[in-house]
Each structure stands twice: as structure tokens, then as C-alpha cells.
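Peer 1: mind folding the following:
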Amino acid sequence: MATVCTPSWRGAWLMVLEGMRGNVWIVALVCGCVVWSLACAVSAQRVAVVRPQAGDGVVLNVYYRLRAELRIHDFEAVAVDWDGSSLDASDVGPALAQLAEDHEARAVLALSRRDGQVTLAMWLLDQRRRSSVRSLSAEPNDDAASLLALRAVDLLRMALQPGAAQSPDASRTDRRPRQPVALEPAQADVPPDTLETEADETPPPDDEAATAQPPRRLWLSASALLLRPGDRFGVALGPQLGIAYRVLPWFELSLQLAGPIAGARLTTTAGYARIYQELAWLEARLFALRAGGFELAFALGGGAYFMQASAEVAAPLLARDDQIWSWSITGGVHAGYQLSSRWMLGLGLRAIAWLPRVGVAVANESALVDEPAFVAGLGLAFGL
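Peer 2: As a prediction, the model looks like this:
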């Protein structure tokens, strides 16, 4: 008969897993809820606001009012340090785009004094992944904070928040009427509250998008997985699905599900056993190298492992199926190459250790799964 066996030092905690007699996807669902909760906690759209230099009370007042308005409308306002006073107007856009990439922000706002007016330079990436550079100006008086902050938030909501474009003024329901922004004679034909300048940048082609736009945070992946449980078992193949969330530019959380993994078998003198396996693990990835569209990360994680053995034996023996759960610890490397702004080619190489170590027995012959066993996955990831 075929049975799944473990060494005698198996702990009582494993018996709880064996008692489930369920499917690895149950464990995966619980892990997915954890990842989803973490993603929701940091899902607010990030806006980088350049911290102005001390000494200009009007500019500082606009800065604090701007940050307050961003928080009211559920933006994640991040203060950053940057000095663009020496840049020409044509160089401000690329510099702000680089700031957005460094801080993984959807928009960057920078305040300054130019030609006697308070100027707000904006770089933003809209829902269609199109970038634009805009500029707002107002006279340095008591109304500057309200005028610039409200108008800037309106533009961000229309560009980044679905549904805001249909009612851009809805957020002003209990606010005092806005005074028109002072316009120069050359701008007399431009309606009040309209930006001084608005320069739309042509979206880069797909092969340049990875370097021209802030990196995407959420990735869905599908791969082909190769698992080698040991010399006596051969190799097994199966699909692998994953979701990864880029928490920081150098740190990522990922949930991986693999199964059914079939093809491995144990052959003995009494018959053979077909091995069916499933894996689910949650891992952290620490990025160590980035060059162009290539990135390399070290991965460490843990999860659950499910094995089922189905026997075929000669008479007078009777075949019996069995299954077991075990914990797994994974470690290895994950490499990716960005094909476009949304598509990435991924390759993962990992070693897996079992707690406890598992094996298969057919009649009086048995074999343990290698420790560590090796897993390789190759596939595509799609960025959201």
C-alpha cells in the first residue's frame, strides 16, 4: 500500500494541519487576506510635496494649506527636499519626474517665488499613465494659500481619482467664494482659475515607459513552475500564480500559489506511487540590484505544503491513498526584466525546507523528499 510518511519526531502541531484534510488554497486565502490588508493600508495615492525653504511666510502658508487639503481628499502627502531654484523652466518637468520616480509618487508639487508671484509647479501621472507638467501662480497675499491649494487639489482629483472629473467643485460646498487669480494682460483671454501654463508631455513608447514613469506597485503574475523533490521522485510541473506589492522602492511583499504540481512518482519493487503537490507561501523580497529594466531581489518566506500519494501495486497488496500537510521555508533569488510599462518577465529560483520533512512509502520501501528541494519558476507579470 502507499502511504505518506514523516519521521517519528513529528510534532503535535502538525496533526492540526493533517486534521484539516482540506486544500492548500484555504491557507492561501488566509494569506491573501493578510496581503490585501497590507495593500489597503498603503493604497492612498502618494503626492510628493517639496518642502520650501524657511524665511518666506507666504510660501510656507501655501505649503501647509496644500498638505492639509491633500490629506482631506485622501491623498498621501509626503514631504521631500529638493532645490530647483537654479533650474530653467524647461528643466523643471524632468526634475519633478525624477522626484516622482524616487519617491514612487503619482504627482509632485513644488512651490517657489518667480517674478514676484507665488508659483506652484506640478508634475502628475493621470489614470491613463500620461504625464503632464502644469504651473499655477497667484499674487503673494492672504488669499494665495486658498487659491493655489484648492486649485491644485482639484486638478489632482480630476486626474487621479475616478469620478472627481464629473464634479470638480463639489469639495468646495461650505467654503468661501474663491477670488480669481491675477492675470497678466497677455492672459486676458484665459478664464480665471486657469493655469498660467499647461504642457502635456507625449507619453513615451512602451519600451521606454519603465524608466519614464514611476514604477507600478501592484503586480499579478502567472508562471510555469518546476519542482524537483528528489532523485527518486523525478521532476514535477505545474502552474504558479502570484501577487506582489511594492511597499518601498527596495522592498516587496509577495503571495505565491502553486498547484496542482504533478509528474513526480516513486517506483519500488512492489509498485509505484504518483505524487500530487501544492504550495502556498508568503515571502519578502529585498532588491539588491537595478540596472535599466533589470532587477534582482533576494527572497525569504514561509508557507504551507500539501502532498498526496496515489499507489498502484501488484496483488495481493491493496492500494491506498494518503495525504499530509507540512510547513515550508523558502529562500532564493527573484529576477525580473521590464518589457514595457505593464509587462515584466520574471524568473525565480528557490530552495525549500520542510518542517517536518515528508516522504512516501510503498509497502516496505520509502523515500524522503530532498531537503532542500529546488523550485524554479518562469513567467510574466502584469502591473496595475
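
Peer 1: measure Leu347 to Gly259 for me?
Peer 2: Separation of Leu347 from Gly259 (CB to CB, to the nearest Å): 20 Å. In short, each C-beta sits where N, CA and C put it, glycine included.

Peer 1: the two: which has the busier surroundings?
Peer 2: Set Leu347 next to Gly259 and count neighbours by other CB atoms under 10 Å: Gly259 wins out with 20 against 15.

Peer 1: correct me, but the more buried one touches Leu279?
Peer 2: Yes. Counting by CB atoms under 8 Å, Gly259 touches Leu279, with 6.5 Å between them.

Peer 1: tell me how many other residues crowd Val333.
Peer 2: By other CB under 10 Å, the residues close to Val333 number 14.

Peer 1: for Val153, which three-state class applies?
Peer 2: Using DSSP: H, G, I helix; E, B strand; the rest coil, the structure places Val153 in helix.

Peer 1: residues touching it, list them.
Peer 2: For Val153, the contact set (CB atoms under 8 Å, 6 or more residues apart in numbering) comprises Leu66, Glu69, Leu70, Ile72, His73, Phe75, Ser171.

Peer 1: and if you look at Trp123?
Peer 2: Gly93, Leu96, Ala97, Leu99, Ala100, Ala107, Val108, Ser131, Ser132, Val133.

Peer 1: again with Ala236
Peer 2: Ala236 makes contact with Leu226, Leu227, Arg228, Pro229, Ile261, Ala262, Gly263, Ala264, Ile275, Gln277, according to CB under 8 Å, 6+ apart.

Peer 1: for the residues you listed, which entry has the maximal number of neighbours?
Peer 2: Neighbour counts for these, by other CB under 10 Å, peak at Pro229, which reaches 28 neighbours.

Peer 1: quick check: pLDDT value at that one.
Peer 2: pLDDT recorded at Pro229 is 87.

Peer 1: secondary structure element for it?
Peer 2: According to DSSP states H and E, Pro229 maps onto strand 218-230.

Peer 1: the helix or strand that comes right after that strand versus strand 218-230: what angle between them?
Peer 2: Where DSSP H and E defines the elements, the next helix or strand beyond strand 218-230 is strand 234-248. Interaxial angle, strand 234-248 versus strand 218-230 (axes from the mean of the first three to the mean of the last three CA atoms, to 10 degrees): 150 degrees.

Peer 1: give the rounded mean pLDDT of strand 234-248.
Peer 2: The pLDDT scores in strand 234-248 average 92.

Peer 1: and it, which strands flank it?
Peer 2: Using DSSP bridges, the strands paired with strand 234-248 in its sheet are strand 218-230 (antiparallel), strand 251-268 (antiparallel).

Peer 1: mind checking how far the shortest one is from the chain centre?
Peer 2: Remark: strand 218-230 is offset 18 Å from the chain centroid, using CA atoms, centre = their mean, to the nearest Å.

Peer 1: and for stretch 225-238?
Peer 2: The answer for stretch 225-238 is 30 Å, by CA atoms, centre = their mean.

Peer 1: how long is that stretch end to end?
Peer 2: Start and end residues of stretch 225-238 are separated by 5 Å (CA to CA, to the nearest Å).

Peer 1: and if you look at stretch 136-147?
Peer 2: 9 Å.

Peer 1: thanks again, I'm all set now.
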